[in-house]
Each structure stands twice: as C-alpha cells, then as structure tokens.
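J.: I'll drop the sequence and a predicted model, then ask my questions.
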Amino acid sequence: MSKKVTKVVLSERDLPKQWYNIQADLPKPLHPPLHPGTGQPIKPEDLEQIFPLNLVEQELSTERWIDIPDEVLDKLLLWRPTPLQRARNLEKYLQTPAKIYYKNEGVSPAGSHKPNTAIAQAYYNKQFGIKRLTTETGAGQWGSALALSCRLFGLECKVYMVRVSYEQKPYRRLMMQTWGAECVPSPSPDTEFGRQVLKENPASSGSLGIAISEAIEDCLNSENTRYSLGSVLNHVLLHQTIIGLEAQKQLAAIGEYPDIIAGCVGGGSNFGGLAFPFIRDKIYGREIEIYAVEPAACPTMTKGSFVYDFGDTAAKTPLLPMFSLGHGFIPAPIHAGGLRYHGTAPLISRLLLDGLITPRSYNQLETYEAGLIWARTEGYIPAPETNHAIALAIDEARKAKEEGKEKTILISWSGHGLLDLPGYDAYMQGKLTGYAMSDQEITASLKSLEGLPKPQV
Ligand SMILES: Cc1ncc(COP(=O)(O)O)c(C=O)c1O
C-alpha cells in the first residue's frame, strides 16, 4: 500500500465552529446595494419582507468571525467535515508534477455544497418564526438542498425550477418532492410574472432571473413566508466558508499549501466558500493564484461589466453592485444549469475589481471533456458545473508539466453528476454545442442596464 496521502478526513470534533466573513478584510469595502425605487442605499427594514432580520444582519455584518449555532452544527454533522482528496490517478494520467487536491462537497445528502447554507438559512428563518420558504433553482441542486433543510427544520418549501432544467433533470424534482417540497417549472402559471412571461413566449426555457422573480412574488403575497437565495448574497458565501476553513485544516495536517485555487462560479458560493479563507492569506501577503471559472455561454466575469443590476429579471430585487450581463439575459440551455446566472456575487465582483482573483471561461465541450477524463481516472462523476473547475485544474497541471514545476492545485469539487447523466450522454453522442456568447449578444444584453445608477470605481 502506498504511504502517500489520498484523502484527509477530519474528525467531527474538527468541524469549524465559526464562519469567516471576508468583509472584515476587504482592501476596499463593498458598494452598498441600492433601493430600486429611491436609488438610495438600502436599509435593513427594506429587506424584511423578503428575508428574516437575523439573516439581514449577517448580510451587512463586518465581524470577521461569526459563530455557527449548535443546531446548525448538529445538522452539518450529517455529512461534514467533507474529505479533502488527492486526484492521484488524474495526476498520473496527465503525467504532471502538479499535485491536484479537491474538496469533495458531493458527499452531502443533496450531492453538492448547497446544503451548507440551506441548513443555516432554514435554521435562521425558523428562529425568526417563519413557516414557509420560497426559492428558485437551476439544475435543482439548490432546490433539493433547501427542500432537505426545510424538512429537517419543519418548514414548508416551494421551489420554482428553471423549465429547461425541470425537463432535463426530473430526478432532482423527485428529490425535492421526496423531502416534501412543492416544485413547479418556471415560468409558471402560479405567479403574475410567470403568466406574463408565458404570454409573451409560451415556449420560454426560463432562466434563474425569471425563477427568482417568481419566488419573490410568491413570498411577498404569502403569509409567514420568506424567500431564500442559494448564492450571490454575502450571507450565503459566509455560510459556505466552512469549505475553505476545513480545507485549510486538512492541508495543514499534511504540510501542504496551495499555489493555485479554482472553483466554478454561478453566483459564486462554492468558489467563495473554498477561496475566501485563502484570499485572506493573499490579502496579507501570501502568493496564490485564484481562478474563478465560468461558462463561455454565460461569461459574466470575463465579458460582463461592473454595474448596478437587479438580481432578477422582473427588476424587483435591490440593485446589487456586481459584474453582470444584464438582468434580461437568458443564457443558452447548457447542461451546467447552476452556472446560467446573469450576475456574480458582489463579494466576488469586488475581489475581481481588486485583482485578487482571475476569471476564466470554458465552453461546454471543453468542460465535458475534462469531466470525462476525471470520471475515467478518479471514478467519481462530477456535476457539469464542477467540470469547469476541473477543466482549469487539468490545464494548470499540463502547464506545470511543460514548465517542470511542482504546483499544488486545490479545486472545489462542488457536486456529483449522478443525476446529470443525460448531459454526459449528449456529449458522448456528439450532440452538444460549444456555445460562446458573441460580442454583439453581450452589447444587446447590457442594454437592459440603461438608466440604472453606475457604481463609482
Ligand atoms: C454542483 C454545483 N456547482 C456549482 C454551482 C454554482 O453555484 P455557486 O456559484 O453558487 O456555487 C451549482 C449551482 O447550482 C451547483 O449545483
């Protein structure tokens, strides 16, 4: 048996007891979110119809460390700490001197990192006396994570699932229903906004922006209900930092520290969750290359602009300072449904502006090629979203080989793809398109931002 490390497993005792809030260490503070009506910075009470105030407090907090409540820790222990694994077979296949580590978030009951925040959000809503949560979901990973978490804390849950994914991924809908949630395809006839979209385009494949608008409308029109978002917001990324905090302990246990970190970015939560504790080290002088990877079909960070934009299509949310393609943007129906979002978390956007992270994009064919190499070497079948981080790891490992450098690479392995096999099927049958957004499409899409305030950079 090899003496080399293949996985690092922490004991339950080592589960981090606090989340790390990067707002405490940002070189420049975030631009404030703006009230869509007045254009003024929003006040906590402006958000209380949508989120419970205990989560609003977290959203605005600049405390560096925030205690994780015991009830949340108890539920996280169902699958955490997650293993840090080394992709030895992939390294061998690539004949690279690089070491490739991955934080396996696919071991949660829902199969991804999403329950890390879903559990916390269900808990804080319950504490606040809320009885029901509404949300949107793309690939179904977030919806299933929230359905699970609502079940564990005794809340009702309704999920608006982007129609293209609802049709491509019936098993995630069944997971949600198994955990007792209601799940409908969006645009749906259940909300005024959904009916309006369907009237204009009965065949609409939907988008996360539309589904968010529906979930918020439902929340505003229902009693004892709040809305829950699976990415983008500060408190969501905060809850995900448990990933990076565990990874730091695991790497320290084997005397390693990464030269390169990568994660895929939809709204930014798995990437931020892994990277933020390391970005703190970078802010204080450590040298690390940190890559945020997105689809070429939805190139928010590589081709979008830093603007104030709405988080949803119906323009109901506060205006967030972020890299965006415009809230009207409906991405091509790529299989990485969780990356089809027009914006990027304000925290990630700030770090991009400050040059602390580097954006990269890959098209769908490149990411499936990477995913297949991974599955055929490491065994685990990655989610289509995760394949973006893997594509980068493979490129960097090949570069390390060319340069003869022993780089240590760490990626966020955000979820498994066992329920995403139709995407692999389409790829293996040569039926997928390597969608990339053209400059004309980007210019047209950014038109929806005309007339909105501009953040000063
Ligand atoms: C497996 C997986 N990875 C990544 C993402 C992207 O989301 P985020 O950028 O918030 O991590 C999703 C979103 O649904 C997902 O399901």
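T.: Cool, the structure landed. Numbering: from 1, shown residues only.
J.: what residues does the stretch 251-400 of the chain put near the ligand?
T.: Applying CB under 6 Å from any ligand atom, we find that the stretch 251-400 of the chain lies next to the ligand at 264-271, 338-339, 383, 385-386. Backbone N, C-alpha and C define where each C-beta goes, glycine included.
J.: Out of the residues you listed, which sit inside helices?
T.: Counted as lying in helices by DSSP state H, out of these, are 269-271, 386.
J.: between the residues you listed, which is nearest Ile212?
T.: Ranking those by separation from Ile212, with CB to CB as the measure, puts Ser269 on top at 14.7 Å.
J.: show me what contacts that closest one?
T.: Under the criterion of CB atoms under 8 Å, 6 or more residues apart in numbering, the contact list for Ser269 reads 113-114, 117, 230-232, 236-237, 240, 345.
J.: For the residues you listed, which single residue is the most surrounded?
T.: Comparing these on neighbour count, His113 comes out first with 33 neighbours (neighbours: other CB atoms under 10 Å).
J.: Could you count how many residues lie near the residue nearest to that residue when sequence neighbours are not counted?
T.: Among residues not flanking His113 along the chain, Glu105 sits closest, at 3.8 Å (CB to CB, 6 or more residues apart in numbering). The local packing count at Glu105 equals 29, with neighbours defined by other CB under 10 Å.
J.: now Ile390
T.: With neighbours defined by other CB under 10 Å, the count for Ile390 comes to 29.
J.: do the same with Ala436
T.: By other CB under 10 Å, the burial measure for Ala436, its neighbour count, is 17.
J.: Does Ile381 touch Leu419 like I think?
T.: No: with the criterion set as CB atoms under 8 Å, Ile381 and Leu419 do not qualify as a contacting pair; they are 9.9 Å apart.
J.: ok, back up a step: and the residues of the stretch 251-400 of the chain next to the ligand, which are buried?
T.: In terms of neighbour count (16 or more other CB atoms under 10 Å), the buried residues within these are 264-271, 338-339, 383, 385-386.
J.: Looking at the residues you listed, which is nearest Thr6?
T.: Closest approach to Thr6 among those (CB to CB): Thr386, at 19.1 Å.
J.: And the pLDDT for the nearest residue in space to that closest one that is not next to it in sequence?
T.: Counting by CB to CB, 6+ apart, the nearest residue to Thr386 once its immediate chain neighbours are dropped is Ser414, at 4.8 Å. Ser414 carries a pLDDT score of 98 in this model.
J.: Show me which residues of whichever strand or helix holds Ile242 are buried.
T.: Ile242 belongs to helix 234-253 when elements are defined using DSSP states H and E. In terms of neighbour count (16+ other CB under 10 Å), helix 234-253 has its buried residues at 234-248, 250-251.
J.: Sort out which of the contacts of Ser269 are in helices and list them.
T.: Secondary structure assignment by DSSP H places 117, 236-237, 240 of the contacts of Ser269 in helices.
J.: Columns distance to Leu34 and pLDDT on top of those, output as CSV?
T.: Rendered in CSV, the data for the ones in helices among the contacts of Ser269 read as follows (distance: CB to CB, whole Å; pLDDT from 0 to 100):
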residue, distance to Leu34, pLDDT
Thr117, 24, 98
Val236, 20, 98
Leu237, 20, 98
Gln240, 25, 98
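J.: before we move on, the earlier item: now pLDDT and distance to Pro29 too, for the residues of the stretch 251-400 of the chain next to the ligand, in TSV please.
T.: As requested, these are exported to TSV (pLDDT from 0 to 100; distance: CB to CB, whole Å):
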residue	pLDDT	distance to Pro29
Cys264	98	27
Val265	98	22
Gly266	95	24
Gly267	95	20
Gly268	97	18
Ser269	98	20
Asn270	98	24
Phe271	98	21
Gly338	84	29
Leu339	90	28
Ala383	97	33
Glu385	96	30
Thr386	98	32
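J.: tell me the contacts of Thr386?
T.: By CB under 8 Å, 6+ apart, the residues touching Thr386 are 106, 264, 371, 412-415, 417.
J.: Break the chain into its domains for me.
T.: Under the assignment automatic domain parsing, the domains of the chain span 7-15+81-111+240-446, 18-41+51-66+112-227.
J.: Against which helices or strands is the helix or strand bottoming out on mean pLDDT in the chain packed?
T.: For the chain, scoring each helix and strand by mean pLDDT, DSSP states H and E identifies helix 163-168 as the least confident one, at a mean of 87. Secondary structure elements in contact with helix 163-168, counted by 3 or more CB pairs under 8 Å, 6 or more residues apart in numbering; DSSP states H and E, are strand 182-186.
J.: Next, the buried residues of the strand it packs on.
T.: When burial is assessed from 16+ other CB under 10 Å, strand 182-186 yields the following buried residues: 183-186.
J.: for the record, mean pLDDT for it?
T.: pLDDT averaged over strand 182-186 equals 97, rounded to a whole number.
J.: Please apply the same query to stretch 149-158.
T.: Averaging pLDDT along stretch 149-158 gives 98.
J.: quick one: contacts of it?
T.: Residues lying outside stretch 149-158 but in contact with it, judged by CB under 8 Å, 6+ apart, are 75, 115, 118-119, 121-123, 125-126, 130-135, 146-147, 176, 179-184, 215, 218.
J.: Quick check, Pro321 in contact with Pro29.
T.: No: with contacts counted by CB under 8 Å, Pro321 stays clear of Pro29, the gap being 10.6 Å.
J.: Between these two, which has more neighbouring residues?
T.: Pro321 (24 against 9).
J.: what's the distance between the more buried one and Ala292?
T.: Separation of Pro321 from Ala292 (CB to CB, to the nearest Å): 17 Å.
J.: Same check on Pro27?
T.: 17 Å.
J.: Also Glu450?
T.: Distance, Glu450 to Ala292, using CB to CB: 27 Å.
J.: Could you pull up the residues touching Val293?
T.: If you count contacts by CB under 8 Å, 6+ apart, Val293 has them with 262-265, 271, 359-362, 388-389, 391-392.
J.: Please disregard the earlier target; I meant Leu90.
T.: Taking CB under 8 Å, 6+ apart as the contact definition, Leu90 lies against 100, 373-374, 377-378, 394, 397.
J.: ok, now with 10 Å
T.: By CB atoms under 10 Å, 6 or more residues apart in numbering, the residues touching Leu90 are 96, 98, 100, 102, 370, 373-374, 376-378, 390, 393-394, 397.
J.: got the residues you listed as CSV, with secondary structure and pLDDT columns?
T.: Below are the contacts of Leu90 laid out as CSV (DSSP: H, G, I helix; E, B strand; the rest coil; pLDDT from 0 to 100):
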residue, secondary structure, pLDDT
Thr96, coil, 98
Ala98, coil, 98
Ile100, strand, 98
Tyr102, strand, 98
Ala370, helix, 98
Ile373, helix, 98
Trp374, helix, 98
Arg376, helix, 98
Thr377, helix, 98
Glu378, helix, 98
Ile390, helix, 98
Ala393, helix, 98
Ile394, helix, 98
Ala397, helix, 98
